[in-house]
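Peer 1: with the input below, show me the fold.
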Amino acid sequence: MKPRTVSIAIAIVCICSAALIFSEVHQLELFDLIPSSITHGSFSSSFDTIEFEGASEFLILLRTAHRKKIANPPPHCQEQRSKVNVFNRAIEIDWIGRNISAVEPTWSSFNRSSCNFVGLAFPPTKGALHAALQQTTYISSFHTVSQCISDSFQWENGKPFTCLGNNFGGTLGANTEKGCIEEAVGGYQMKLWNEQNSNDALFQCLKYYLDTDEVLREVDITTHMEDMIANVTRLDYVSQRGYSRDDTDWSTLAFLLWSETALKLTGILEAANITTSEQIIRNLQRMMAVIGRGKNTTVTKCVAELLPPMIGNKSYTPEEQRVWKDTGAYLSTSTMQESPSSLLRNLPGSLHGVLPPSPTAIYSVHALLGEVVNVNSEAYFPGCTPYWNAMLRQEAPPKKAFIETDLEAKKNGTIFANWKNSRHDLRNEIIKTCAEDDSKCPFPTFDLVIDITQVYCGGFFHWMIEIWPRIGPFLDGLLSENMPKFAIRIGCESSQIGFHPQFFGLVGFENITLIDSESPVFAKEVIAPTEGFSHSPLLNYWNLVAMRQKVFSHLGPIEKSENKTVLVIIRDASRRPDANIFNRKFLNELSDGLPDIYRVVPFRSSDKKMMACMACQARAFMLADVIIGSHGAGLSHTLFAPAGAAILERVDKSDSGIYSELAFMLGMKYFPMDVNTHHSGSYIDMITLANGY
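Peer 2: Residues are numbered from 1 along each chain as shown. Just a heads-up that it's a prediction; the model follows:
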């Protein structure tokens, strides 16, 4: 099958010819916000420049390293090979790398190292690394308790982080369930609350209430006091959900929950003949009424003093303190140097313990590209990618190394039909034939292929965050005038190649050949950049920030207006619709509740013209000061948002932490929102808090 060749010169200039009418909030059009011409302005990326040593000449360096290896091969490479030697980064370099300043030696000991592949690392320059470490970041609760205790995050004590687990939620934050809860919405607040308030103080507030309660005041509680103070176990969290504005503030709710536990454990409820769930609920409702409505000023004042102060590195306004009291939301500034990335701090190959190893590239010649990269007597298997279950089985590599060449022996009328020798010999003979004579090669041939093949390339998130950015560190070289003609193998079936070509247009490619995965191809030279690590933007950090910078450079700085844009992602044409949540009522309330400087802008998946223009989508997010959306691929566009933007993600218990990770590493303010709340006030609270930073 002929590879797919795509011209994208027209696709990226679809700017502003289409229009989408907003809801009746302002009767604006989305394309009104996207300048038809780009001028210098105040747009801010994470940091100004990121460069990688040698990346602009990566092809020359890889070719030179390969020639040196072939001229002076390791001793074992001079021996006769009788089987395929298999290399898999996930296994051979202990996941994402140890001492990866030179990739190849980390594959294995020198007496087993690859004979036909070379690998080089392209570290960030000292200036780029320093800028990345000093980048402003924002610390908040990156998860909810329900995420921490659900199957989304897989906690196994003693098990190292590998491709197979054990934290599907990502690499940001604690790597234990207990630690995750202590940092989560509802868990972090309860941790502070428990540290501030002793059981004695809590009992005193409860006693004030019991003295006035018409049902419980008849019970002699003095006999229960010591037992209550000594034995009531504190709660780990006050709520399992994301941020929301409820009738009862979180500190008062924590007191009510503690009181319920204390009254149950000490027998006070039983002594008052309160034993059924309905009776207990009615008793708590009475207590809530007393506290919330100030019916007993002594109780109300006592409970109010239980609220811990807002922790941070700034002075808080009364409105910010009100948000802390009502919702428990907080924010503090930090730097990437202080990143709470426990996984990377424990990884010997990480840079300064907080950033992943340098970008790499694997290179070889005369390669058959199918499910794996096959060269003479060797096969290279992509490592820590969504290939997890398929590629990391011990029996998989030998079988997959012969898959494409075995088929040639079964075809009639070819020079390889009815092959009598071994599978290994057939494989090497086909590779040798293709290298010597294009006309006899049973596969389409290319001079140079950049292979970024991974599974799920038809999925928007996986493509945008894991796969497409793999070429990011090498874009200066790829776009240079002296770069020879090349093709990019993206690994999708031809029927899935839809939005992909426009992504390459975002970084300056005008015409490019994209190769699908429906049939193998032969490459005289092949380069495989650093794999995109599944569900972890932070592990893809260098790829993502390099690609982000190039998109900003190509689309040009955007002149932002004095108004602030709240972009609301509305999935009204999706398998997971949320238009019933982010409906007209919500948008109107959001607009009415925010100061006039904000304008609310719907970003609808049903807008076919906008969805057909990737450059328009990128620009829309470049203009956003606040992004609201449900967990899903639409939030991948956060990659294009300016540093300092606020990201409000509506999360459910089964959702991973990928978008909190993406927001954090790009210097944005992240808030996980309760999936069940329809209250626009909850979102206004978070926007109010974010605006103070």
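
Peer 1: number of residues surrounding the closest residue to R548 other than its chain neighbours?
Peer 2: Nearest residue to R548 in three dimensions, chain neighbours excluded: L639, at 5.6 Å (C-beta to C-beta, 6 or more residues apart in numbering). Backbone N, C-alpha and C define where each C-beta goes, glycine included. Counted by other C-beta atoms under 10 Å, the residues lying close to L639 total 21.

Peer 1: now swap in N540 and tell me
Peer 2: Neighbours of N540 using other C-beta under 10 Å come to 26.

Peer 1: what of the one 4 residues further on?
Peer 2: Applying other C-beta under 10 Å, we find 25 residues neighbouring L544.

Peer 1: how about L331?
Peer 2: When neighbours are defined as other C-beta under 10 Å, L331 has 23 of them.

Peer 1: give the contact list for it.
Peer 2: Residues near L331 by C-beta atoms under 8 Å, 6 or more residues apart in numbering: Y138, I139, S140, G312, K669, L689, A690, G692, Y693.

Peer 1: cool, and C441?
Peer 2: I430, T433, C434, F522.

Peer 1: before we move on, what about Y209?
Peer 2: Y209 makes contact with S259, M287, V290, I291, N296, V299 under the criterion C-beta under 8 Å, 6+ apart.

Peer 1: returning to that earlier point: per-residue pLDDT, the residue nearest to R548?
Peer 2: Per-residue pLDDT puts L639 at 97.

Peer 1: is it true that it touches M665?
Peer 2: No - contact criterion C-beta atoms under 8 Å: L639 and M665 do not qualify, at 10.2 Å.

Peer 1: next, A633: phi, psi?
Peer 2: Note on A633: its backbone torsions stand at phi -60, psi -30 [degrees, to the nearest 10].

Peer 1: ugh, typo on my part, it should be Q549
Peer 2: Backbone geometry at Q549, expressed as degrees, to the nearest 10, gives phi -60, psi -40.

Peer 1: so what's it closest to, chain neighbours aside?
Peer 2: Nearest to Q549 is I50, by C-beta to C-beta, 6+ apart, at 5.6 Å.

Peer 1: could you check how far the closest residue to P123 other than its chain neighbours is from G127?
Peer 2: Leaving aside its sequence neighbours, P123 sits nearest to S358 (C-beta to C-beta, 6+ apart; 3.9 Å). Taking C-beta to C-beta, to the nearest Å as the measure, S358 falls 15 Å from G127.

Peer 1: neighbour count winner among these two?
Peer 2: Taking other C-beta under 10 Å, S358 and G127 do not tie; S358 has more neighbours (23 against 13).

Peer 1: tell me which element the more buried one falls in.
Peer 2: Assigned by DSSP states H and E, S358 belongs to no helix or strand.

Peer 1: so it touches A128, yeah?
Peer 2: No - if you go by C-beta under 8 Å, S358 and A128 don't touch, sitting 10.6 Å apart.

Peer 1: any common contacting residues for these two?
Peer 2: Common neighbours of S358 and A128 are listed as F52 (criterion: C-beta under 8 Å, 6+ apart).

Peer 1: with only the CA atoms kept, save stretch 74-89 in PDB.
Peer 2: Output in PDB follows, covering the C-alpha atoms of stretch 74-89 (Å, rounded to 0.1, in the frame of the first residue of the first chain):
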ATOM      1  CA  PRO A  74      32.000  -4.500  20.100                       C
ATOM      2  CA  PRO A  75      33.600  -7.900  20.100                       C
ATOM      3  CA  HIS A  76      30.300  -9.800  20.200                       C
ATOM      4  CA  CYS A  77      29.200  -8.100  17.000                       C
ATOM      5  CA  GLN A  78      31.900  -9.800  15.000                       C
ATOM      6  CA  GLU A  79      30.500 -13.200  15.900                       C
ATOM      7  CA  GLN A  80      28.100 -15.100  13.700                       C
ATOM      8  CA  ARG A  81      24.500 -14.400  14.800                       C
ATOM      9  CA  SER A  82      21.900 -17.100  14.800                       C
ATOM     10  CA  LYS A  83      19.000 -15.300  16.400                       C
ATOM     11  CA  VAL A  84      17.500 -11.800  16.600                       C
ATOM     12  CA  ASN A  85      18.900  -9.700  19.400                       C
ATOM     13  CA  VAL A  86      16.100  -7.700  20.900                       C
ATOM     14  CA  PHE A  87      16.300  -4.300  22.600                       C
ATOM     15  CA  ASN A  88      13.500  -2.800  24.600                       C
ATOM     16  CA  ARG A  89      14.000   0.500  26.500                       C
END
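
Peer 1: related to what we said a few turns ago, which residues do L639 and M665 both contact?
Peer 2: In contact with both L639 and M665: L544, using C-beta under 8 Å, 6+ apart.

Peer 1: in the protein, which ranges drop under the pLDDT threshold?
Peer 2: Applying pLDDT under 70 to the chain flags residues 1-48, 88-112, 154-170, 217-231, 294-295, 313, 343, 346-348, 382-398.

Peer 1: one more time with 50, if that's ok
Peer 2: Applying pLDDT under 50 to the chain picks out residues 1, 4, 7-29, 31-32, 36-43, 90-109, 158, 160-168, 386-395.

Peer 1: what is the end-to-end distance of stretch 621-638?
Peer 2: Separation of the first and last residues of stretch 621-638 by C-alpha to C-alpha, to the nearest Å is 7 Å.

Peer 1: please read the previous query as pertaining to stretch 569-580.
Peer 2: Across stretch 569-580, first to last residue, C-alpha to C-alpha, it's 12 Å.

Peer 1: now swap in stretch 619-632 and tell me
Peer 2: 20 Å.

Peer 1: roughly how far out does it sit from the chain middle?
Peer 2: 15 Å (C-alpha atoms, centre = their mean, to the nearest Å).

Peer 1: and the residue nearest to P123, what are its phi and psi?
Peer 2: Dihedral angles for S358 - degrees, to the nearest 10 - are phi -60, psi 150.

Peer 1: tell me how far it lies from A132.
Peer 2: 12 Å.

Peer 1: kindly report the same for Y316.
Peer 2: According to C-beta to C-beta, Y316 and A132 sit 29 Å apart.

Peer 1: ok, F255 next?
Peer 2: 43 Å.

Peer 1: doesn't F446 belong to a helix?
Peer 2: No - under DSSP: H, G, I helix; E, B strand; the rest coil, F446 sits outside any helix and is assigned strand.
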